[in-house]
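Student: Kindly return the folded structure for what I paste below:
(one chain, ligands or ions: 1)
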Amino acid sequence: MSTPAAEHAPGVAPADGVAARARGLTKAYGSGETTVLALDSVDVDIARGRFTSVMGPSGSGKSTLMHCLAGLDTVSSGQVWLGDVEITGLKERELTRLRRDRIGFMFQSFNLIPTLNALENITLPMDIAGRKPDRTWLDQVIDTLGLRDRLTHRPSQLSGGQQQRVACARALASRPELIFADEPTGNLDSRAGLEVLGFLREAVDALGQTVVMVTHDPGAAAHSDLVLFLGDGRIVDEMRQPTAEAVLERMRLFTGGAPRTDGADAIRRRHDDGVTAQGD
Ligand SMILES: Nc1ncnc2c1ncn2[C@@H]1O[C@H](COP(=O)(O)OP(=O)(O)OP(=O)(O)O)[C@@H](O)[C@H]1O
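Tutor: Reported below is the predicted structural model:
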């Protein structure tokens, strides 16, 4: 893991440099015999001003981790902090305000409002928060994402890729401290996907924002600073300065010929034995 699993008393702020933190984060869905343990005692620190990818097989808990870190889903046990605020235990209204002020979201399904045009969708979170957009930054976001001539179009008048770019612009427009992106390039052709990744990279490098991205694509993960690998609801490995080839190779451990849990268990055992699995 990226940090030691230090114990934290409720309400104690994490050290500087951590945009989001989880300790003992457990999330179970259902009850009794049908319980699914989506997250199993996860400890994680998301470094501020860094681009972190989350990878792992389908059902390994990637989206659940993102939702719990963003305060979009309740946890079964454990603690989560956004910056220095512990969000586990916050009232819904406080949580909503915190999310609105600090977080930008990009989901696979875009979540655009069909009756609003592209520009209105982009500025909606700021409008709700009663904040004025920074015009220069907004123009830069719009031009970089190639949306200038689409601003008055409604989502139904835009291609899937254009809708994704609007969702990207909406997440970036208010310059949130932390951007959570769930498969942001999933519906894009490779050129548009590269643009979005470049923009997320720029947001981190030039503006010091923090990005957490769930992806299945090793090429997309290669744009990040750190890849966290999930398996069966646990973080089973991590890779700094990832390359697409190295990520692909690591992913094969999960899937290559053996049942996927075997690969994850093998990595976990290596960690338990104190052997670092980082070959980069
Ligand atoms: N609302 C829910 N109710 C019941 N089970 C759920 C719910 N959401 C997720 N799960 C289960 O929790 C586990 C983790 O799901 P999650 O969506 O986090 O995985 P994922 O790694 O993001 O998968 P994918 O790559 O397919 O999107 C899965 O077994 C899933 O079926």
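
Student: can you list the residues of the stretch 51-200 of the chain near the ligand?
Tutor: 56, 58, 59, 60, 61, 62, 63, 64 (Cβ under 6 Å from any ligand atom). No exception for glycine: its C-beta is placed from N, CA and C like everyone else's.

Student: Strands of the stretch 1-150 of the chain, residue ranges please.
Tutor: 18-29, 36-47, 51-55, 77-82, 85-86, 103-106 (DSSP state E, counting those that start in this stretch).

Student: for this protein, which spans come out with low pLDDT?
Tutor: Within the chain, the set of residues satisfying pLDDT under 70 comprises 1-16, 108-109, 255-280.

Student: count of residues packed around the closest residue to residue 239 other than its chain neighbours?
Tutor: Nearest non-adjacent residue to residue 239, counting by Cβ to Cβ, 6 or more residues apart in numbering: residue 227, 4.5 Å away. Residues near residue 227, counting by other Cβ atoms under 10 Å, number 26.

Student: could you measure residue 180 against the ligand, distance?
Tutor: Between residue 180 and the ligand the computed distance is 13 Å (Cβ to the nearest ligand atom, to the nearest Å).

Student: Report the secondary structure state of that residue.
Tutor: Secondary structure for residue 180, judged by DSSP: H, G, I helix; E, B strand; the rest coil, is strand.

Student: Return the residues in contact with it.
Tutor: By Cβ atoms under 8 Å, 6 or more residues apart in numbering, residue 180 lies in contact with 66, 69, 70, 103, 104, 105, 106, 212, 213.

Student: Closest one of these to the ligand?
Tutor: The closest of those to the ligand turns out to be residue 66 (Cβ to the nearest ligand atom; 7.9 Å).
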